[in-house]
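*Asks:* Quick one, what's the 3D model for this:
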Amino acid sequence: MKRLLVLVGLLAAVIVPAAAAHPLGNFTTNHYSRVAASGDRLYVLYVLDLAEIPTFQQKPRVEAEDSATYARALVKRISGVLSVRVDSRRLPLRPVRHALGFPPGVAGLRTTRLEAVFSTGRLPPGRLRVTYRDDTFPGRIGWKEIVVQADSGARLRSSTAPSRTVSDELRSYPKDLLSSPLDVRVARTSLVAGSGDGSAPTVSSGKALDSRVGVREATESRSWPPISSGRGEPPGTPFCSVRR
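*Replies:* Numbering: from 1, shown residues only. Predicted coordinates for the structure are as follows:
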């Protein structure tokens, strides 16, 4: 453990000045959720973007076991920390599919990108009050973003979260928010469910999964709700993943 900490310290000293390092900093743990009401289900696309240092710290664990087994265990752990409440009743989230990749970072290191889709059971008819909370990775610094959408007959009536991502689902962070990243961990919405299973989100593969994280010029980022680090809306966040 001591040797690992020394290595991390040395790597940090090398990486910090590098322009090719993670846009939000090489220590960051970043996560995003797309909550989708589709048909009579709620789906969650959860994306985890780990910068170089958190990925490096997890490398021994990944190499110690089969990467597919490791990924399944990580997804299961995340599903127990994400929370969906419908009219104050908590609904379990069932893993549907996932993908894990290791985009290039700086100095020959890797970053981590996990995409996981979860589903609730069938929603009751009528108008529903839904609260989604992401309590993964508590205490870690980084970007936390939630969007809420509806399709396949489901209808949103109101939402505290926007319907569009400003980070391209953690692929391209807006330049004007790098110094004050989004910190949104709770979304509340009112919706009416549709019928049938709806359409579950897909996950990336190949180049889309392994592409380096980028930065883009500011465009619509100011249309977001105020950034907060609060109690009910947003608190902090940790987890991890890896594959070769």
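
*Asks:* Would you agree Val81 is in contact with Arg133?
*Replies:* No: counting by C-beta atoms under 8 Å, Val81 does not reach Arg133; the two are 9.1 Å apart. Where you see a C-beta, it was placed from the backbone N, CA and C, and this is true even at glycine.

*Asks:* More neighbours: which of these two?
*Replies:* Arg133 (21 against 17; other C-beta atoms under 10 Å).

*Asks:* does that one sit in a helix or strand, and which one?
*Replies:* strand 127-134 (DSSP states H and E).

*Asks:* ok, that strand: who's next to it in the sheet?
*Replies:* strand 82-86 (antiparallel), strand 186-192 (antiparallel) (DSSP bridges).

*Asks:* counting contacts, what elements does the following helix or strand past that strand pack onto?
*Replies:* Following strand 127-134 in sequence order, the next helix or strand is strand 144-151 (DSSP H and E). Here strand 144-151 touches strand 29-38, strand 127-134, strand 155-159, strand 186-192, going by 3 or more C-beta pairs under 8 Å, 6 or more residues apart in numbering; DSSP states H and E.

*Asks:* C-alpha coordinates for strand 144-151, CSV please?
*Replies:* Taking Å, rounded to 0.1, in the frame of the first residue of the first chain, the C-alpha atoms of strand 144-151 are listed here in CSV:
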residue,chain,number,x,y,z
LYS,A,144,-21.9,15.0,-11.3
GLU,A,145,-24.7,15.4,-13.8
ILE,A,146,-28.3,14.2,-14.2
VAL,A,147,-30.7,14.6,-17.1
VAL,A,148,-34.3,13.3,-17.3
GLN,A,149,-36.1,12.3,-20.4
ALA,A,150,-39.3,10.5,-21.5
ASP,A,151,-40.4,8.5,-24.6
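
*Asks:* How far away from the center of its chain is that strand?
*Replies:* 11 Å (C-alpha atoms, centre = their mean, to the nearest Å).

*Asks:* now that strand against strand 155-159, angle please.
*Replies:* 150 degrees (axes from the mean of the first three to the mean of the last three C-alpha atoms, to 10 degrees).

*Asks:* just to revisit the earlier point, so which of the strands paired with strand 127-134 is the most packed in?
*Replies:* Of all the strands paired with strand 127-134, strand 186-192 has the most neighbours on average by mean count of other C-beta atoms under 10 Å, namely a mean of 19.

*Asks:* Give me the contact list for it.
*Replies:* 33, 35, 37, 126-134, 146, 148, 150, 154-161, 232-234 (C-beta atoms under 8 Å, 6 or more residues apart in numbering).

*Asks:* Now do that strand against strand 29-38, angle only.
*Replies:* Going by the same axes, to 10 degrees, strand 186-192 makes 10 degrees with strand 29-38.

*Asks:* Average pLDDT for strand 186-192, rounded please.
*Replies:* For strand 186-192, the mean pLDDT works out to 97.

*Asks:* Read off the pLDDT value for Ser88.
*Replies:* In this model, Ser88 carries a pLDDT of 87.

*Asks:* Please shift the residue numbers so they start at 18 in all later answers.
*Replies:* Sounds good: first residue 18 from here, last item Ser105.

*Asks:* list the contacts for it?
*Replies:* Arg146.

*Asks:* Lowest average confidence across helices and strands of the protein, where is it?
*Replies:* Least confident helix or strand, the chain: helix 19-32 with a mean of 50, by mean pLDDT, DSSP states H and E.
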